[in-house]
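Colleague: Curious how this folds, go ahead:
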Amino acid sequence: MARRRKGRNINGWLVIDKPSGMTSTEVVNRVRRLLDARKVGHGGTLDPLATGLLPLAFGEATKTVAWVMEGDKTYRFTVRWGEARDSDDAEGEVIAESDARPTREDIEAVLPRFVGEIEQVPPIFSAIKIDGQRAYDLAREGEEIELKPRLIRIDSFELVEMPDRDHAVFEVKSGKGAYMRSLARDLGEALGCYGHIAQLRRLAVGPFTEEDAISLDSLEQGEHGAAAEEQVLPVETALDDIPALALTEPEAARMRSGQAISLLSRSQAERVRDLEPGDTVCAMSGDKLVAIARFEGGELRPVRVLNL
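Modeller: Residues are numbered from 1 along each chain as shown. Below is the predicted model of the structure:
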């Protein structure tokens, strides 16, 4: 018989404003201890030097992490010109230098190259697996690594300001899997001056924005556990862009047991008139999320059943 995990049963999302210098795992462990939570995961890793939004999923919300990770992200970052580093950020070793510095006109002329669907080579210091090993582990061991380019999506890439000749601040909206460190590296190469990330902040991820976030310090200033738990958002917050479909009680019972619901009868036509085959919906019983389900073959089939 499996040992039951200790801790309180908390369900929902807590958006942490991650400080610089902590790994995402360290934040998860710290918040788990603070709330005495049984099950916690995160909705997308942030580099240790990065700050900003780190959504944490508690309990049944861990079943919705994939939808948050698939969501769009917004970042603001500062590029330091004149240095290429092996990690593509300020932590790495300098591997090339240049005295050249770009003008505003130079930068704005090349930015359109990086918007849309583009191929991008991830940083060698990344969590991508090569033959079962993380790239960053191989890089730290001094092994030569060659990562293949991946297709990513950049929706916007804007120059915000140039505080001095060595730095420029950018804001980027992207899809899943885009590395800001690679963008900074590739932009520096396109400008002929090299560049790396000096500062990086995530402003939004999926449905979550800075307005949803709380700092670790603020979280710890409340009474142990109780005040912190008040900051937890409902599980369905992560699914704001997925339409809801109301279930009857018998339908909800079937779906909770993992069974599909037939929606082929004429009486069901009004309920499904806006649905296309393959559409995903939040199957609701009153104000409770029963399952994330997919409409296929005239049926509503559960993809993730939630025990709320």
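Colleague: pLDDT weak spots in this structure?
Modeller: Low-confidence segments of the chain, defined by pLDDT under 70: 1-5, 124-147, 222-227, 266-267, 269.
Colleague: Gly116: neighbour count?
Modeller: 11 (other Cβ atoms under 10 Å). Glycine gets a C-beta too; all of them are placed from N, C-alpha and C.
Colleague: If we ignore the residues flanking it in sequence, what's nearest it?
Modeller: Ile154 (6.6 Å; Cβ to Cβ, 6 or more residues apart in numbering).
Colleague: Could you measure from the one you found over to Leu203?
Modeller: 15 Å (Cβ to Cβ, to the nearest Å).
Colleague: how about the helices of the stretch 51-200 of the chain, start to end?
Modeller: 65-69, 104-110, 135-140, 180-191 (DSSP state H, counting those that start in this stretch).
Colleague: Just say helix, strand or coil for Phe242.
Modeller: Check again: residue 242 is Ile, not Phe. coil (DSSP: H, G, I helix; E, B strand; the rest coil).
Colleague: Quick check, it in contact with Thr280.
Modeller: Yes - under the criterion of Cβ atoms under 8 Å, Ile242 makes contact with Thr280 at 5.6 Å.
Colleague: Rebuild the helices of the stretch 51-200 of the chain as TSV, extending it with mean neighbour count and distance to Pro123.
Modeller: Formatted as TSV, the helices of the stretch 51-200 of the chain follow (neighbours: other Cβ atoms under 10 Å; distance: least, Cβ to Cβ, whole Å):
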stretch	mean neighbour count	distance to Pro123
helix 65-69	18	19
helix 104-110	13	20
helix 135-140	16	8
helix 180-191	22	5
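Colleague: tell me, what residue is most central in this protein?
Modeller: Gly44 (3.7 Å; Cα atoms, centre = their mean).
Colleague: Who are the contact partners of that one?
Modeller: Residues in contact with Gly44 (Cβ atoms under 8 Å, 6 or more residues apart in numbering) are Leu54, Pro55, Val68, Met69, Lys73, Val205.
Colleague: Present these as JSON lines; the columns should include distance to Lys18.
Modeller: Below are these laid out as JSON lines (distance: Cβ to Cβ, whole Å):
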{"residue": "Leu54", "distance to Lys18": "4"}
{"residue": "Pro55", "distance to Lys18": "10"}
{"residue": "Val68", "distance to Lys18": "15"}
{"residue": "Met69", "distance to Lys18": "16"}
{"residue": "Lys73", "distance to Lys18": "14"}
{"residue": "Val205", "distance to Lys18": "11"}
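Colleague: between the residues you listed, which is nearest Glu251?
Modeller: Minimum distance to Glu251 across these is 26.6 Å, recorded for Val68 (Cβ to Cβ).
Colleague: residues contacting that closest one?
Modeller: Under the criterion of Cβ under 8 Å, 6+ apart, the neighbours of Val68 are Gly43, Gly44, Pro55, Ala57, Val205, Gly206, Pro207, Phe208, Ala238.
Colleague: run the last query once more with 10 Å
Modeller: By Cβ atoms under 10 Å, 6 or more residues apart in numbering, Val68 lies in contact with 13, 42-44, 55, 57, 61, 205-208, 237-239.
Colleague: Spatially, which two of those are the most separated?
Modeller: Farthest pair in the contacts of Val68, by Cβ to Cβ: His42 and Leu239, 17.0 Å.
Colleague: State the distance from Arg150 to Ile118.
Modeller: Taking Cβ to Cβ, one finds Arg150 at 10 Å from Ile118.
Colleague: Pull up the overlap in contacts between those two.
Modeller: In contact with both Arg150 and Ile118: Ala178, using Cβ under 10 Å, 6+ apart.
Colleague: So which of the contacts of Val68 wins on neighbours?
Modeller: Ala61 (31 neighbours).
Colleague: From the chain's centroid, how far away is stretch 42-59?
Modeller: Offset of stretch 42-59 from its chain centre (Cα atoms, centre = their mean, to the nearest Å): 7 Å.
Colleague: All further residue positions should be reported with the first residue as 20.
Modeller: Noted, 20 is the first residue going forward, which turns the last one into stretch 61-78.
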